[in-house]
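Student: sequence plus predicted model, see below.
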Amino acid sequence: MEEKNFKNLGLIVATGQNREIGYQNDLIWRIREDLDYFRRVTMGSYIIMGRNTYESMPKNLSGRRYIVLSRDRNLVLDSSKVLSRSVEETLGFVSSRSEEKFFVVGGSAIYKEFLSYVSFMHITEINQKFPLADAYFPDYDENDFTTLDDSDFMIEGNIEYRHRLLLRK
Ligand SMILES: NC(=O)c1ccc[n+]([C@@H]2O[C@H](COP(=O)([O-])OP(=O)(O)OC[C@H]3O[C@@H](n4cnc5c(N)ncnc54)[C@H](OP(=O)(O)O)[C@@H]3O)[C@@H](O)[C@H]2O)c1
């Protein structure tokens, strides 16, 4: 597929200082405010995820429509969810619904496959390293993006973090 980005396609992720995003198919941290932020940002939109992230997440986040990527012929989803077999198929769906908003919500494999197609990124930057991690956000060129918004640093528990919104140039 041609390397173009889609105006109605973004991603949302929380990462540590080394781009860590998970461990043993779960998040490494619990930040309640960040889960609320995820809810606010994705409300009313489609959320695009890989099979592993789907297994690890609540199956019925209200107000969000699921697109789950899997090659597994035995996977059955309830009829409210879209099962997608490839990046191309998903992007075809995204481009056919330009009035809708789509968020790539992980995990590692899916971020990597979709990064070049997104036009904006909501990144929660956690000011800490997590040596235990086994899943990472892909490397990307910050110069491809402008910062639209940086929140102040916040603290929950002993975790310092901030929300950033980056827009592709
Ligand atoms: N910090 C965050 O913001 C955040 C957000 C989301 C997830 N995570 C973390 O990320 C980790 C999971 O990442 P992951 O890389 O293991 O898994 P993943 O990206 O969630 O899912 C990978 C699976 O998606 C399917 N898939 C991938 N590419 C595909 C394609 N092109 N076509 C069809 N199906 C495709 C395959 O499923 P089948 O094997 O069924 O074919 C593959 O095994 C977990 O630790 C999770 O907690 C973190």
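Tutor: Cool, got the structure.

Student: look up the closest residue to residue 37, ignoring the ones flanking it.
Tutor: residue 163 (6.1 Å; Cβ to Cβ, 6 or more residues apart in numbering). All C-beta atoms are positioned from the backbone trio N, CA, C, and that covers glycine.

Student: tell me the residues of the protein that contact the ligand?
Tutor: Contact residues (Cβ under 6 Å from any ligand atom) of the chain with the ligand: 13-14, 21-22, 25-27, 49-53, 56, 69-72, 75, 85-87, 105-110, 113, 135.

Student: then residue 17 would be within a strand, right?
Tutor: No. In this structure, residue 17 is coil, not part of a strand, as judged by DSSP: H, G, I helix; E, B strand; the rest coil.

Student: in space, what's closest to it - neighbours in sequence excluded?
Tutor: Counting by Cβ to Cβ, 6+ apart, the residue nearest residue 17 is residue 129, at 4.9 Å.

Student: in a strand, the residue nearest to residue 37, correct?
Tutor: Yes. Under three-state DSSP, residue 163 sits within a strand.

Student: buried ones among the residues of the chain next to the ligand?
Tutor: For the residues of the chain next to the ligand, a neighbour count by 16 or more other Cβ atoms under 10 Å gives the buried set as 13-14, 21-22, 27, 49-53, 56, 69-70, 105-108, 110, 113, 135.

Student: give me phi/psi at residue 158?
Tutor: phi -110, psi 20 (degrees, to the nearest 10).

Student: and the gap between it and residue 107?
Tutor: 25 Å (Cβ to Cβ, to the nearest Å).

Student: residue nearest the centroid of the chain?
Tutor: residue 105 (2.3 Å; Cα atoms, centre = their mean).

Student: now do the contacts for that residue.
Tutor: Applying Cβ atoms under 8 Å, 6 or more residues apart in numbering, one finds that residue 105 lies in contact with 11-13, 38, 42, 47-49, 53.
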